[in-house]
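**Student:** below is the sequence, then the predicted model.
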Amino acid sequence: MNRRLGAAMTALVLVLTVGAGWRIANAIDPRLDPADIAGLREDTARIAAQKFLDEYVEPDGRVVRRDEGADVVSEGQAYGMLIAVAVGDEARFRSIWTWTKTRLRRSDGLLAWRWVDDKITGANSAADADLDAARALVLAGRRFHAPDLTKDGRRLGVAILGIETLAVGTGATPPADVDPAGAWVAGSGRMLVGGNWAMTAPYVVNPGYFSPRAERELFEASADRRWTEISRTQRVIGWQLMGTGLLPPDWATVDEAGHAAPTGPVSGGPVQFGLDAARLPIRFAESCNREDRALAGAMRPVLTSPGRASASRNLDGSPTSDWEHPVALVAAAATEQGAGNPDGAVERLDAAARLEQQSPTYYGAAWVALGRIMLTTSLLGECPATVHAES
């Protein structure tokens, strides 16, 4: 750290605020090497993480959506847990998890999705929150040497597999995962649905819930190969959905044969690539699997095209709104990362941070922090060396 602080302040400002890459920073001060740049990017991620924890997490462990009626949702609790474990804040992590399991944990082990005015107001589960929370728990168990957290993470993982996933596909031989699979998931597949409420065909899925790194973490914690089946299946579904346009939708339906089709939200609304689907490239760019990263990178031409960072788009990529949102810029950063352009990713993450600072929101702050953590650091863990070799 002393070496970095001793480098030229102009280089520091460039790296932290406008996403300058290694070549620019090194030209300004040759003492900065790639390790220095990586360290600066980690420092920036930690600052964003601390900002979210300080502004949205209450002392009792509630993650409050201050700009959305001051309610609490399982998604936010899971984001808080991921961010806290990333920066090694065990006390904050335990306070968030203790509140969550005390107030939101259902009798089946999943988490109720919404709490307000001292009571649960949304009893159904949201699979993304359950998956993110389980990932955070098993990672925290390892990082904090805490068997109780590992046990809680495995328990939540078992509930997810039993209540929020199901088998889809046909008896045909599976094709190569890297290519669109055609009209269905060939072979035996397993899919994460939207929650406990989505287990009847046609199954409702939210592609933004798919998380290859979470599934890898839970496979390593349990040795249950259903997690790897989920990762393979959602990769195929992701390519299917992108094959219907250029971008995946916020919501889709999948039939028993594994055929995916874009749809609008269950509560009504347009078929679009919005703030839900924007998480798919982020989660796939974070993956240890090069095929997942390729899927994220395939969205780059659309999401990095000139113009405003529209919060919603038609599936052909055309904007449907002038409203800009930081998450749209984080998604664009993810496509840069997936396409092998980490400096471009940092530039767009910096733009997202500036936009979030101008118009602060819970969701924007969460994904500015998570985007930096997932895309520019190893704070949520390294990919295994064998995976690097294969990828």
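**Tutor:** Cool, the structure landed. Numbering: from 1, shown residues only.
**Student:** next up, the contacts around the closest residue to residue 340 other than its chain neighbours.
**Tutor:** Of all residues not flanking residue 340 in the chain, residue 297 sits nearest, at 7.2 Å (C-beta to C-beta, 6 or more residues apart in numbering). Using the backbone N, CA and C atoms, a C-beta is placed for each residue, glycine as well. By C-beta atoms under 8 Å, 6 or more residues apart in numbering, the contact set of residue 297 is 285, 335, 337, 338, 339, 340.
**Student:** neighbour-wise, which of those residues leads?
**Tutor:** Ranked by neighbour count (other C-beta atoms under 10 Å), the contacts of residue 297 have residue 337 at the top, with 29 neighbours.
**Student:** ok, it - contacts?
**Tutor:** With C-beta under 8 Å, 6+ apart, residue 337 has these contacts: 285, 293, 296, 297, 345, 375.
**Student:** which of these fall in helices?
**Tutor:** When DSSP state H defines the helices, the subset of the contacts of residue 337 inside them is 285, 293, 296, 297, 345, 375.
**Student:** what's the closest of these to residue 94?
**Tutor:** Nearest to residue 94 among those is residue 375, at 26.7 Å by C-beta to C-beta.
**Student:** from residue 136, how far off is the closest one?
**Tutor:** Using C-beta to C-beta, to the nearest Å, we find residue 375 at a distance of 18 Å from residue 136.
**Student:** again with residue 109
**Tutor:** Separation of residue 109 from residue 136 (C-beta to C-beta): 16 Å.
**Student:** and these two? Which one has more around it.
**Tutor:** For residue 109 and residue 136, the more surrounded residue by other C-beta under 10 Å is residue 136, and the numbers stand at 29 against 18.
**Student:** would you map the strands across the chain?
**Tutor:** Shown for the chain, the strands assigned by DSSP state E span residues 72-73, 112-116, 119-125, 165-169, 188-192, 203-205, 251-254, 260-263.
**Student:** name the strands paired with the third one and say parallel or antiparallel.
**Tutor:** Pointing back at strand 119-125 there. Take DSSP bridges as the rule and strand 119-125 pairs in its sheet with strand 112-116 (antiparallel).
**Student:** show me the contact partners of the strand it pairs with.
**Tutor:** Contacts for strand 112-116 (C-beta under 8 Å, 6+ apart): 69-75, 103-106, 120-126, 129, 195.
**Student:** just the buried residues of the residues you listed.
**Tutor:** 71-75, 103-106, 122, 124-126, 129, 195 (16 or more other C-beta atoms under 10 Å).
**Student:** on that earlier part again, how about the contacts of residue 297 in a markdown table, adding distance to residue 364 and pLDDT?
**Tutor:** Listed next are the contacts of residue 297 as a markdown table, based on distance: C-beta to C-beta, whole Å; pLDDT from 0 to 100:
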| residue | distance to residue 364 | pLDDT |
| --- | --- | --- |
| 285 | 18 | 99 |
| 335 | 18 | 98 |
| 337 | 19 | 98 |
| 338 | 21 | 98 |
| 339 | 24 | 97 |
| 340 | 26 | 97 |
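**Student:** out of those residues, the closest to residue 43 would be?
**Tutor:** Ranked by distance to residue 43 (C-beta to C-beta), the contacts of residue 297 are led by residue 337 at 18.6 Å.
**Student:** count of residues packed around residue 205?
**Tutor:** Neighbourhood size, residue 205 [other C-beta under 10 Å]: 24.
**Student:** just residue 140 next, same as before
**Tutor:** So residue 140, with other C-beta under 10 Å, has 26 neighbours.
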